[in-house]
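1. The sequence and its predicted three-dimensional model are supplied below.
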Amino acid sequence: MPELPEVETSRRGIEPYLRGQTITEVVIRERRLRWPVGLDVDRRLPDETITSVDRRAKYLLINTTGGTAILHLGMSGSLSIVERGTPATVHEHVDIELGSGKALRLRDPRRFGSLHFADDAASHWLLKDLGPEPLGNRFDGDYLWRKSRGRRIAIKPFIMDAKIVVGVGNIYASESLYLAGINPKRAAGRVSRERYQWLADAIRTVLEKSIAAGGTTLRDFLGGNGEAGYFAQELEVYDRADEPCRACGRPISVVVLGQRATYYCKDCQK
DNA sequence: CGCGACTCCTGCCGGC
DNA sequence: TGCCGGCAGGAGTCGC
C-alpha cells in the first residue's frame, strides 16, 4: 500500500500533532506485526518529548528526547489522529498517546508493518544498509548507471531494490519506466548512461508529483489527516491493463517481474 | 554474491 | 446471493 509519497503524506499529516508533545503512554493491543513489537517501545517512549517526525525510505522516524520510534506501514498500514481513549476498532493495534489528549493510532489489517525503538535510528539494522533517497543529492543517473554495471536483473526489480535506491515501490516503478521510455524487462546492465539520466529524472518527477497530490488513493490508504490522495487519476500505466496508452493508443500490457505485476506500453517502452 | 522464489496476513473483487 | 480463488501498494529471508 503506502509507497514513498503516501508515507511522506502521512508524515506531513501527523507531524503538527506530534512535534513538541510529550508521550504519556504507548498502548499496544497487538504485538504480532511483521516483527513482534518489543517491550522497549512501550517502556522507553513514555515521558519523552517528540522533537521531529522524519522519513527515511518508507520508514517514519518519530524522534524524541530519549530515542526514536521506527514505524513502517507495510502493505496495509495507515495512521490517524484520535482523541485519547477513543475505542479501537479491529486492526487498530497501537496508540501513541500524547500530552495534548490526542493519540497517534496505527491500523494495519495485514500486519506487514512494524514498530521498533532505537537509541540511534540511522544505525538500526533495518536502516543502516539502505540506498540513497531518490529525492536527495546522492541520487542521479550516473549513480544508477554505475550500480547497474554487470547486473542481469530486470530493470524494474532493480530500481525497487532498497539497497540501490529507496522508496520506489510497485506503482512508481512502472510509472517511472513508462515516463523514461524503458521496457521494464530490460536487463539493468544493458541500459545506457543517458537513459539512466532520463530514468532518474522520471523517478524524481513521478514521486514529487505524487507527493504534491497527496499520494495515490488505492483501496485503504488515508493520509495522516484522514484525507485521500489524488494521484491515482494521473497514473499512466499502473493498473491500466488493456486500456489505451495515452501516448500511442496501444493497449497497456502486464507482465509479472519479481512476483509483482508490471504495467507498460510495448510501443513506447523499448 | 546475484537472482528468483517464498513468506508473512487480511480484505476485497471478479467469476461461477 | 454466496462461495472461492487470486491478487493486493513491502521487503526480509532462503535456496540455488
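-> Received, thanks.

2. which residues in chain A form strands?
-> A:23-28, A:50-56, A:59-64, A:67-72, A:78-83, A:92-98, A:102-107, A:114-118, A:253-257, A:260-264 (DSSP state E).

3. nearest to residue A:169, of the ones you listed?
-> Nearest to residue A:169, of all the strands of chain A, is strand A:260-264, at 9.2 Å by CB to CB. Any C-beta I mention is one placed from the backbone N, CA and C, and that applies to glycine too.

4. could you give me the average pLDDT of the closest one?
-> Across strand A:260-264, the average pLDDT comes to 96.

5. Over to stretch A:106-123?
-> 97.

6. before we move on, the earlier item: in a markdown table, list the strands of chain A along with mean neighbour count.
-> Output for those, formatted as a markdown table (neighbours: other CB atoms under 10 Å):
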| stretch | mean neighbour count |
| --- | --- |
| strand A:23-28 | 18 |
| strand A:50-56 | 18 |
| strand A:59-64 | 22 |
| strand A:67-72 | 23 |
| strand A:78-83 | 18 |
| strand A:92-98 | 23 |
| strand A:102-107 | 22 |
| strand A:114-118 | 22 |
| strand A:253-257 | 15 |
| strand A:260-264 | 20 |
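
7. With distance to residue A:181 added, can I get these in CSV?
-> Converted to CSV, these look like this (distance: least, CB to CB, whole Å):
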stretch, distance to residue A:181
strand A:23-28, 47
strand A:50-56, 29
strand A:59-64, 31
strand A:67-72, 32
strand A:78-83, 34
strand A:92-98, 43
strand A:102-107, 39
strand A:114-118, 36
strand A:253-257, 15
strand A:260-264, 10
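
8. To DNA strand C, which of those strands lies closest?
-> Closest approach to DNA strand C among the strands of chain A is made by strand A:260-264 (3.1 Å; CB to the nearest atom of the strand).

9. rewinding a little: please convert the strands of chain A to JSON lines, extending it with distance to DNA strand B.
-> Shown next, in JSON lines, are the strands of chain A (distance: least, CB to the nearest atom of the strand, whole Å):
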{"stretch": "strand A:23-28", "distance to DNA strand B": "16"}
{"stretch": "strand A:50-56", "distance to DNA strand B": "21"}
{"stretch": "strand A:59-64", "distance to DNA strand B": "16"}
{"stretch": "strand A:67-72", "distance to DNA strand B": "12"}
{"stretch": "strand A:78-83", "distance to DNA strand B": "12"}
{"stretch": "strand A:92-98", "distance to DNA strand B": "11"}
{"stretch": "strand A:102-107", "distance to DNA strand B": "10"}
{"stretch": "strand A:114-118", "distance to DNA strand B": "11"}
{"stretch": "strand A:253-257", "distance to DNA strand B": "8"}
{"stretch": "strand A:260-264", "distance to DNA strand B": "9"}
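
10. Of all those, which one is nearest residue A:40?
-> Closest among the strands of chain A, using CB to CB: strand A:114-118, at 4.3 Å.

11. Now do that closest one against strand A:59-64: the angle between them, please.
-> 40 degrees (axes from the mean of the first three to the mean of the last three CA atoms, to 10 degrees).

12. According to the record, where do the domains of chain A fall?
-> A:4-123, A:141-264 (automatic domain parsing).

13. Least reliable of those domains by average pLDDT, please.
-> domain A:141-264 - the lowest mean pLDDT of the domains of chain A, at a mean of 90.

14. That domain: end-to-end distance?
-> Criterion CA to CA, to the nearest Å; first-to-last residue distance in domain A:141-264 is 21 Å.

15. max-length helix in chain A?
-> Across chain A, the longest stretch assigned as helix under DSSP state H is helix A:193-212.

16. is DNA strand C contacted by it?
-> No. For a cut-off given as CB under 7 Å from any atom of the strand, helix A:193-212 has no contacts with DNA strand C; the smallest distance is 10.8 Å.

17. what does that helix rub up against?
-> With contact meaning CB atoms under 8 Å, 6 or more residues apart in numbering, helix A:193-212 is reached by A:3-5, A:8-9, A:134-135, A:139-145, A:148, A:155, A:159, A:165, A:167-168, A:172, A:175-177, A:179-182, A:191, A:216, A:229, A:231, A:234.

18. Just the buried ones from those?
-> A:3-5, A:8-9, A:134, A:139-141, A:143-145, A:148, A:155, A:159, A:165, A:167-168, A:172, A:175-177, A:179-182, A:191, A:216, A:229, A:231 (16 or more other CB atoms under 10 Å).

19. That's all I had, so thanks and see you.
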